[in-house]
Every structure is written in C-alpha cells, then in structure tokens.
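# based on what follows, work out the 3D shape:
(2 chains)
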Amino acid sequence: MKKATAVSAGARVLVQVFLLALVVGSLLPLYNVVVASLKSADEFAVNPFLPPRSPISDNFVYAAMAAHLLAYAINSIILVPVGLVLYLAVCITAGYAFGKMRFRLKRPLFLLVLFLTIFPQLLLATQVFRLISLMRLTNTALGVILTWVAYFSPFGTYIMTTYFTDMPYELVEAARLDGASPVRILVSVMTPMAMPMIATIAIIGFQSMWNELPFSLLILQNQASRTLTLGIAMMRGEYGIGVPTLSAALVIAMAVPLVMFFIFQRRITLGATAGAIKG
Amino acid sequence: MRNRGLEQDGIAPYLFLAPLLVLLAAFIFYPVLMNLVASFTEWKGYGAMKWIGLSNYRAMVSDEAFWTSISNTAVLVCYIPVSTVLTVFVAALLREGLRGWQAYRAIFYIPNLLGPVIIGVVFSIYLRDDGSLNLLIKLAGGSTVRFLTSPSVAINSVGMVQVVWVHLGFGLIYFLAAMNGIDQGVYEAALIDGAGFFQTLWRVTVPSIRFAIEFWVVFNFIEVFARMFSYIYTLTRGGPGYGTFTLEYGIFSQGFEKFRVGYSSAWSMVLFLFCAAISVAQIRLMRARSS
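Numbering: from 1, shown residues only, chains lettered A, B, ... in the order given. From the prediction side, this is the model:
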C-alpha cells in the first residue's frame, strides 16, 4: 500500500518501536495468564512471571473437569447457536419490514428500535428476572435464550434495516409481479441477497451471546446450567481456585473466540464497524 | 425509509415485526415501566410492593454509594478523550502504511474478541498487589501500585483497562475504515505544501473523519454508562468499598445482593435518564449523517 506520507525513514523506525512497545504492553496481561496456566502452584509462588521451568497440564485437566469448565462449554455450545437462529430470524424479518415494506407506523417504530439499542442490561435486570420467574423459566435454557434474543435484536435489526434499505426496490417489485407472497419474497429473493450482512450480524450476535454476563448470571442460578462465560466469572474468587487453575480456565475460554477470529477475521473486522459506518 | 403517500403493504409488515415487537414489549418496555412503578415502592423483588412515594429517591440522594457511583462514572468519562486521542493517533500512524500495519490492527483487536468477562478476570490477576505488573514496576525500581485495592486508584484502573485498552483495537479498525474514505489527493497536496505528520493529522485527517470521531465519542459514552457491569463484576466486584461502583453496579448490588429492589429501581431511573439522553444524541448523529 503506497501512500503519500509525511513520515521520514528515521521516524518510521521510531514509530515501529512505539507500536511494538504498545503491542508488548497490550499482550503482557495475556502472556501472564498463559504462562501461569502452565505452572504448578508451588512454582507460581516463586516464579509468577517468567515462562515455566517445568510446564504442566494439570491445571487444564482440573479446570475442565473438577471445575466443570467442560460442562459449561457444552452448555454454551448448545445455548448460543439456538439463540443465534432465533436472533437471525427476528432480525431478518424485522429488518426486511423496516427496510423494504411500506406501512404507516414505520418511522416511529424504527426510531423506537434505535432508541432501545443501547439500554444497559442492569436497567432491565430486576424486572426481567421477575418476568422470567413468573414464566417459571429460571434456570432454563429457554429463559436465557429469550432474554438474549430480545436484548440483542434491536441492534441486529438496525443493521439489517440499513442493508435492506439500500437494496434496489425493483427486486421486490419484480418478485411481486411474479405473484410471490411477502414471505416468499423475503425467503427466496431478499434473504439470499442479504447473506453477506446476515453473516456479519451472525458473528455480532454470536459474540454478544457467547460473552453475555448479567442476564445469564441472574437467570442461570444453579451450577449445572452455567455458560462458559458465567462459569469463568464465578470461578474468580472462588475458594480453593488458585491463579494457575484460574489461568488455565481463562486460556480454555479464550480458545473459542480466538479460533473464531482466525477463521472469520475479515468478516469480524467488517462487522466491528457495520453499525457505525453505515449510519 | 421514505415511502409516505405510496401504497401500503397492509398487515404483512406488522406480522413481520411481530416477533421483535412482542419480545421488546416483554423484555424491555415492561421492565422499564415496572422499574418506574417499583421505584416508588418498598419491595424485595418478590411479595407485595408497598407504596412509599418518593422515599427511595430521597434515600438515594443522601446515599454515599450513589454519589460515589456518579463521580466514578465521571472519572471513566474523563478517559474518553484519552482513548480518543490515543486511538486516532495510532490509527493515523497505521494509515501511513507501515510494515505490518494489518498485524498491529489484528493484535490490538484481540481484547474486543475475548469479551468483558475474560478481560476482567485476566486483569484481576495481572493487577493484583503481588501480580505481574507490580513485579515489573518493582524491578524497574518503583513501589507497589495498589491498582485494585485502593479505592482512588481502582476506578482509574477500570478506566485504563476498559475505556482505553479494550477500545483501542475496535477504534483502530473503525478509524482506519473512516480514513480510507479520505481522498489521497488531499494528502499529496499537504505533502507538497510541506506539512509534517502532526500538521497533516490535525488539518486534514481529523476534520475529514469528524463524523467518525463524534460517533466514537457517543459509542464510548454508551460503553461507560451501559456496558461496564461485566468488567467491574469480574475485575473488582465494585470494590474496594464503593471504589468502583457505577450506576449499573449499584443497581446490581442493591437489587440482587441486598434485595432492596424498590430502592435499586430508583437508581435504575437515573441510569435510564442518562441512557435516554445518550440514545437521543446517537439518533441525532445518525440522522445528521444520513442527510
């Protein structure tokens, strides 16, 4: 990438040094966790920072089995995809309605959705908790999935709306002249064409649900139903869990998002800006 | 969005919107409305609500924890300009097409992938009094910084980690995308005029990405007011004392630890007002942008 630049060769070296220092500073906390996860409690006590002299895998086994991390991961692997499918269905249909259909209350309803995209979980938490227990969904997958889908849909809907709005209306018109019903137009014409943006909100939705805390903390109260994220949050400060074990748990938990990043890097970086750049 | 006066699609759009609207009604509107009601009552979260008028609000304004939460939030807000300046600066450096700029962008993005819970726990280990950062500080000849155990320092740790460190990676992607849209000719002209890096940054880049910077600031306000709970819960649990309480954490603490749900609802209404204001600012920006 050749660009007009006001930075001289000497300054470039300086800039590289600055950026490398920033990278090292940024990665130190993560390095710290990775090396701690490979140490025995005894070694960690005398050597908390340098690489392990005799690396062990016991911490990982303990975190996965005795500390139930494997079970929590399985919970997440079941909950999140189910939530994601519902989330996509809600965002795509609503986004299409806002983006390409004509109805009287469109503007006010869309503004309302926009208005709701930023509300913090804690603002809703006490009443959502009450609602969930009234519906007898405490400690159930359905309870937390419904809450997630409801909470994360406004943002996904907003992104889908901007995408559908920009698609040519002639597509809808042509399909309608062929006698296609609104459902058919959405399913067979618009959804396939919106696949790039659907993939983007799928990743955003996945990350949101996978990392979600306060709702899962309040709704999933018995240990067996915890998600991976909730399990990690609860493990911190738990009696008898030392730094090496906790670190091993963190390394296990980091694996999923990092692997995702290596596979979907381009789409994730696109998704990061989808909400704001489109405007 | 402009279809007024054209033929309407009848009932179909409402059916398409029904799943979203039903969920929003149940999980967002109803909770906000009930919060308002509950804020005038004494209520444990179960059983009967007892109407007590404005007592919760009176108790709140004389509650030290409430004002600490507000001032803590103000401290976090002060990290927004720090984060903005650093991020725009680094993005401008990467824009120069330095060797490895894509690798830098990817590495700085890692914290955003890991999510608040992992980040919070990672730093709860890293920033301990006997943790690695303090070890390094001591090796460099400094004395222990009580990052998480001193109330006045802890909120700054939250600000540095969550507002500055975590957002750097997201901001780089965001600002680099915005800078990509700037006409290269403007930079060439600046270069011919003999403008240096900082002059170009200030005179060309910053004005050209003004909208992006405004969005970024609003985004950061959202993060500070509405997305801090998971970090604080995992990093400090609100402590030491009320050291890292924010409105969100106070609602959690009052509602779910002390079971004073009526009282926590009064806090919620304050948070609601802040968030409503930020939301309106964001919608206005979007409007200004698209017109």
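# OK, contacts around residue 235?
With no chain named, the answer covers chain A. Counting by C-beta atoms under 8 Å, 6 or more residues apart in numbering or on different chains, A:M235 touches A:A67, A:I241, A:L246, A:A249, B:V121. Using the backbone N, CA and C atoms, a C-beta is placed for each residue, glycine as well.
# try chain B instead
Applying C-beta under 8 Å, 6+ apart, we find B:L235 in contact with B:G120, B:V121, B:F123, B:S124, B:L127, B:L148, B:S157, B:V158, B:V161, B:T244.
# and those residues, which two are furthest apart?
By the measure C-beta to C-beta, B:V121 and B:T244 form the most distant pair in the contacts of B:L235, at 14.9 Å.
# related to what we said a few turns ago, which ones among the contacts of B:L235 also lie next to chain A?
Among the contacts of B:L235, the ones lying near chain A by C-beta under 8 Å from any C-beta of the partner chain are B:G120, B:V121, B:F123, B:S124.
# count of residues packed around the closest residue to A:S57 other than its chain neighbours?
Of all residues not flanking A:S57 in the chain, A:L38 sits nearest, at 7.7 Å (C-beta to C-beta, 6 or more residues apart in numbering or on different chains). By other C-beta atoms under 10 Å in any protein chain shown, 22 other residues sit near A:L38.
# check A:I78 too.
When neighbours are counted by other C-beta under 10 Å, A:I78 registers 13.
# cool, and the one 10 residues further on?
For A:L88, the count of nearby residues is 20 (other C-beta under 10 Å).
# and what of B:V37?
Around B:V37 there are 14 other residues, counting by other C-beta under 10 Å.
# helix, strand or coil for it?
helix (DSSP: H, G, I helix; E, B strand; the rest coil).
# and it, what does it touch?
B:V37 sits next to B:M49 when contact means C-beta under 8 Å, 6+ apart.
# go again using 6 Å as the cut-off
Counting by C-beta atoms under 6 Å, 6 or more residues apart in numbering or on different chains, B:V37 touches no other residue.
# so who does residue 13 touch?
Unless you meant another one, I'm taking chain A. Not one residue lies near A:V13 by C-beta under 6 Å, 6+ apart.
# chain B, not that one
Going by C-beta under 6 Å, 6+ apart, B:P13 touches A:A97, A:M101, A:F103.
# at the geometric centre of chain B, which residue do we find?
Nearest to the geometric centre of chain B sits B:E223, at 1.0 Å (C-alpha atoms, centre = their mean).
# can you tell me the SS state at that one?
Assigned with three-state DSSP, B:E223 falls in the helix class.
# now it: how far from B:P240?
Here the criterion is C-beta to C-beta, to the nearest Å. By it, B:E223 lies 23 Å from B:P240.
# ok, now A:N75?
Using C-beta to C-beta, A:N75 is found at 33 Å from B:P240.
# now swap in B:S264 and tell me
In terms of C-beta to C-beta, B:S264 sits 21 Å off from B:P240.
# looking at chain A, which helix or strand is least sure?
Every helix and strand of chain A was ranked by mean pLDDT, DSSP states H and E. The lowest is helix A:243-278, at a mean of 81.
# what residues does stretch A:166-177 touch?
For stretch A:166-177, contacts defined as C-beta under 6 Å, 6+ apart pick out A:K100, A:I185, A:V189.
# count of residues packed around the last one?
By the other C-beta under 10 Å criterion, the neighbourhood of A:V189 contains 18 residues.
# for A:M193, same thing?
Neighbours of A:M193 using other C-beta under 10 Å come to 14.
# nearest residue to it other than its sequence neighbours?
A:M193's closest residue in space is A:M167 (C-beta to C-beta, 6+ apart), at 6.5 Å.
# in contact with the closest residue to A:A249 other than its chain neighbours, which residues?
Using C-beta to C-beta, 6+ apart and skipping the chain neighbours, the partner closest in space to A:A249 is A:A63 (4.1 Å). Neighbouring residues of A:A63 by C-beta under 6 Å, 6+ apart: A:L69, A:T245, A:A248, A:A249.
# rerun at 7 Å
Applying C-beta atoms under 7 Å, 6 or more residues apart in numbering or on different chains to A:A63 gives the contacts A:L69, A:T245, A:A248, A:A249, A:I252.
# from those residues, which two are the most distant?
A:T245 and A:I252 (10.8 Å).
# more neighbours: which of those two?
Set A:T245 next to A:I252 and count neighbours by other C-beta under 10 Å: A:T245 wins out with 24 against 21.
# mind checking how far the more buried one is from chain B?
A:T245 is 11 Å from chain B, where distance means C-beta to the nearest C-beta, to the nearest Å.
# list the buried residues for stretch B:251-262?
Neighbour counts over stretch B:251-262 (16 or more other C-beta atoms under 10 Å in any protein chain shown) mark B:I251, B:F252, B:S253, B:Q254, B:G255, B:F256, B:R260, B:V261, B:G262 as buried.
# confidence score at the nearest residue to the fifth one once chain neighbours are set aside?
Setting aside the residues directly before and after it, B:G255 is nearest to B:S264 in space (C-beta to C-beta, 6+ apart), at 3.6 Å. Residue-level confidence at B:S264 comes out at 94, pLDDT.
# list the contacts for B:S264?
Going by C-beta under 7 Å, 6+ apart, B:S264 touches A:T126, B:I251, B:Q254, B:G255.
# which residue sits closest to the first one, ignoring its sequence neighbours?
Closest residue to A:T126 apart from its sequence neighbours, by C-beta to C-beta, 6+ apart: B:G255 at 4.6 Å.
# contacting residues around stretch B:163-179?
Stretch B:163-179 is contacted from outside by A:26, A:269, A:272-273, A:276-277, B:76, B:79-80, B:82-83, B:86-88, B:90-91, B:94-95, B:105, B:108-112, B:119, B:205, B:209, B:212, B:216, B:220, B:223-224, using C-beta under 7 Å, 6+ apart.
# an error on my part: the question was meant for stretch B:78-86.
Residues from elsewhere that reach stretch B:78-86, judged by C-beta under 7 Å, 6+ apart: B:G159, B:V163, B:V164, B:H167, B:L168, B:I213, B:W216, B:V217, B:N220, B:F221, B:V224.
# save those residues as CSV, and put in distance to A:S8, pLDDT and neighbour count too.
Converted to CSV, those look like this (distance: C-beta to C-beta, whole Å; pLDDT from 0 to 100; neighbours: other C-beta atoms under 10 Å in any protein chain shown):
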residue, distance to A:S8, pLDDT, neighbour count
B:G159, 35, 94, 23
B:V163, 33, 90, 24
B:V164, 29, 92, 18
B:H167, 30, 91, 24
B:L168, 25, 92, 20
B:I213, 27, 93, 18
B:W216, 29, 91, 23
B:V217, 32, 93, 16
B:N220, 33, 93, 23
B:F221, 38, 93, 20
B:V224, 38, 94, 26
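# so which helix or strand takes in the residue positioned nearest the centre of chain A?
For chain A, the residue nearest the mean C-alpha position is A:Q207 (1.1 Å; C-alpha atoms, centre = their mean). Assessed by DSSP states H and E, A:Q207 sits inside helix A:195-210.
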